[in-house]
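>>> what's the 3D shape of this:
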Amino acid sequence: MALDRQYQKQLLEMLANCYPKSYYDHEYFNKMSAEEEHLYAANMMYLEEHGLANASIQMSLDGRYGFGSPKITARGLDFLADDGGLSAILGVVTIKLHEETLLQLIGDKIDQSDLPLPEKKKWTDALRSLPAESIKHLTMKLLDKGLENLPAVLPVIQTYLQSYLK
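As a prediction, this is how the structure comes out:
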């Protein structure tokens, strides 16, 4: 496989050094061997597919490459930045849970509890009769309670993260 992380970083740094202009060094492209052309093309196309650079590569019918003037993108500059650049600031994730979803999650926990069946029904019926503002308030209380008990759930978090990282 022609993909090379170190080479990709070198390419991005080369493009970053001439930003906001595109990069073009006629000699750089002309002195490449066929292997070097393939390595360059594969890695630049990969960077382009990830939105880190505009590769400006064309391929002719005979399989030869035509190199234009590549340019790093804002995402590429942010990738190189130690702090993640503006992407780290602008990349805030908003999680929205609809009322029905919250009711389902809480109701499922009531159903899974050790309460007698009549009690479960009583509490799930009461839950379903709550107005939206009360559901929001209950959800905030549950979140607060969960954060208060963070040490108790830390092993669950660790187990999940370990399985995710495998």
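>>> Just give me the residue right at the centre of the protein.
For the chain, the residue nearest the mean C-alpha position is Gly91 (8.8 Å; C-alpha atoms, centre = their mean).
>>> excluding its backbone neighbours, what's nearest that one?
Gly84 (7.8 Å; C-beta to C-beta, 6 or more residues apart in numbering). Where you see a C-beta, it was placed from the backbone N, CA and C, and this is true even at glycine.
>>> Surely the one you found and Asp78 touch.
Yes: using C-beta atoms under 8 Å, Gly84 makes contact with Asp78 at a distance of 6.0 Å.
>>> higher neighbour count, the two?
Counting neighbours by other C-beta atoms under 10 Å for Gly84 and for Asp78 shows that Asp78 has the greater number, 18 against 13.
>>> For the protein, identify the residue most remote from the centre.
Distance to the chain centre peaks in the chain at Pro118, reaching 44.7 Å (criterion: C-alpha atoms, centre = their mean).
>>> so who does it touch?
By C-beta atoms under 8 Å, 6 or more residues apart in numbering, the contact list for Pro118 is empty.
>>> For the helix or strand hosting it, buried residues please.
Counting by DSSP states H and E, the element that carries Pro118 is helix 117-128. Residues of helix 117-128 classed as buried: 120, 123-124, 127 (neighbour count, 16 or more other C-beta atoms under 10 Å).
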